[in-house]
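Visitor: mind looking at a prediction? Sequence and model below.
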Amino acid sequence: MHHDTDPSDRDYSLDAYNYHLPEERIAQAPVTPRDSSRLFVVDSQSARHHGHFRDLPQWLQPGDLLVLNNTRVIPARLYGKKSTGTSMEALLLEKCDRNSWLSLVKPGRRLKVGADIEFIPHGDKAELPTLKARVTGVDEATGGRVLEFELPAEETLEEKLEDYGHIPFPPYVTSRAATDDQYQTVYARSPGSVAAPTAGLHFTPRLLAELEQLGIEQTTVTLHVGVGTFRPVETEDIRTHQMHQEWLEVSAETWQKIEETKERGGRIIAVGTTSVRSLEGAAHWWFSEPRTVVFPGFYGKTNLFIYPGYHWQIVEGLITNFHLPRSSLLMLVSALIGRDRLLELYEEAIAKEYRFYSFGDAMLILPQFRDR
């Protein structure tokens, strides 16, 4: 197992993950077709290549395994009003119970346990009744509220979201040019995320088929993106940051594919930081104590926080977008290739006018770039 050089104390400092991004570099809508986005390829200490995402097959090898997160974004943003008449909105973060959800509510500071809220249906569904909820708890870690929705016994909130909920675009996407389906990957299957695993947005069915024909294999994991992924790191010493737990699933079949890939000398390329956390989170659980011979599948939560000094167990290469300053995602990518090098690459990407964040361009970090 290859180790990157030891992290310096600077790597643990929140300020060391700051960089200046001109506002016009934040992508407001994705490009069409999806795979015409740009691709920044880093494959050795000295070489950098600037191409397009559709060129991906030329950078991968037959026998490599791409690991995709098949989560689907749910219409998790609800608009409504308090019993006092004040307008408000809620972002559902995760299910706590049958019809009880942890939510970020704004304005929420004065929203006390026992408060009632009514959420309104979409404009074209105005004939539907409002959806009622009550605040039943406060979550210290996120500042969120637990909302219990008033529904008949046979109904679940998930079924109602199509009529009441909106796809939650990131806050820095201020234009409404993008459509809801542009914020889903083409292979999204398992509903549960409140944000898209954005590295996957660049794939088209045609590109996935082309990769398969070339012998570049694909498998999926599921990690439902919650507040853990996009919550900013606020502690000056990043090691004291507590990641919020997110639900994930790595099946026995996927694990078997990973083992077969490693045996034949193929490389494990994660598509997105959520796929990284799924694989490493499952590995963390599996290798932490002696277990049976066959990996049974991991279905549970992870609060794994990856930052420089992390001991990698599964992932060798990564396809990822360009991340926000001071974010846990920037720290994860720094753990793979080094913080100084990553920030240099970001400077080059800004100079070359790459598009940043969720709807932006992609970076491919090949395994050989990690070698020192």
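Guide: On my side now, so go ahead.
Visitor: helices or strands next to whichever strand or helix holds His284 in the packing?
Guide: Using DSSP states H and E, His284 falls within helix 273-287. Packing partners of helix 273-287 (3 or more CB pairs under 8 Å, 6 or more residues apart in numbering; DSSP states H and E): strand 65-69, strand 217-223, strand 246-250, strand 268-271, strand 298-302, strand 317-321, helix 328-337. Glycine gets a C-beta too; all of them are placed from N, C-alpha and C.
Visitor: check whether the residue lying closest to Tyr183 once chain neighbours are set aside sits in a helix, strand or coil.
Guide: Excluding its sequence neighbours, the residue lying closest to Tyr183 (CB to CB, 6 or more residues apart in numbering) is Ala196, at 5.1 Å. Here Ala196 is coil, with the state taken from DSSP: H, G, I helix; E, B strand; the rest coil.
Visitor: how far away is Ile268 from Thr229?
Guide: Ile268 sits 21 Å away from Thr229, taking CB to CB, to the nearest Å as the criterion.
Visitor: before we move on, back to that, using a markdown table, please lay out the helices and strands packed on helix 273-287 together with distance to Thr86, mean neighbour count and mean pLDDT.
Guide: Converted to a markdown table, the helices and strands packed on helix 273-287 look like this (distance: least, CB to CB, whole Å; neighbours: other CB atoms under 10 Å; pLDDT from 0 to 100):
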| stretch | distance to Thr86 | mean neighbour count | mean pLDDT |
| --- | --- | --- | --- |
| strand 65-69 | 37 | 25 | 98 |
| strand 217-223 | 35 | 23 | 98 |
| strand 246-250 | 31 | 23 | 95 |
| strand 268-271 | 42 | 26 | 98 |
| strand 298-302 | 34 | 17 | 94 |
| strand 317-321 | 36 | 25 | 98 |
| helix 328-337 | 33 | 24 | 96 |
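Visitor: distance to Val41 added to the ones you listed, as CSV?
Guide: Shown next, in CSV, are these (distance: least, CB to CB, whole Å):
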stretch, distance to Val41
strand 65-69, 15
strand 217-223, 19
strand 246-250, 27
strand 268-271, 12
strand 298-302, 29
strand 317-321, 10
helix 328-337, 13
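Visitor: counting neighbours, what do you get for Val105?
Guide: By other CB atoms under 10 Å, the residues close to Val105 number 22.
Visitor: is it true that it lies in a strand?
Guide: Yes - assessed with three-state DSSP, Val105 lies in a strand.
Visitor: give the residue farthest from the middle of the protein.
Guide: Thr84 (36.1 Å; CA atoms, centre = their mean).
Visitor: mind checking pLDDT for that residue?
Guide: Thr84 is assigned 86 on the pLDDT scale.
Visitor: if I've got this straight, it is in a helix?
Guide: No - checked against three-state DSSP, Thr84 lies outside a helix; its state is coil.
Visitor: next, count neighbours for the residue nearest to Leu304 when sequence neighbours are not counted.
Guide: Leaving aside its chain neighbours, Leu304 sits nearest to Gly281 (4.6 Å; criterion: CB to CB, 6+ apart). Gly281 is flanked by 24 other residues according to other CB under 10 Å.
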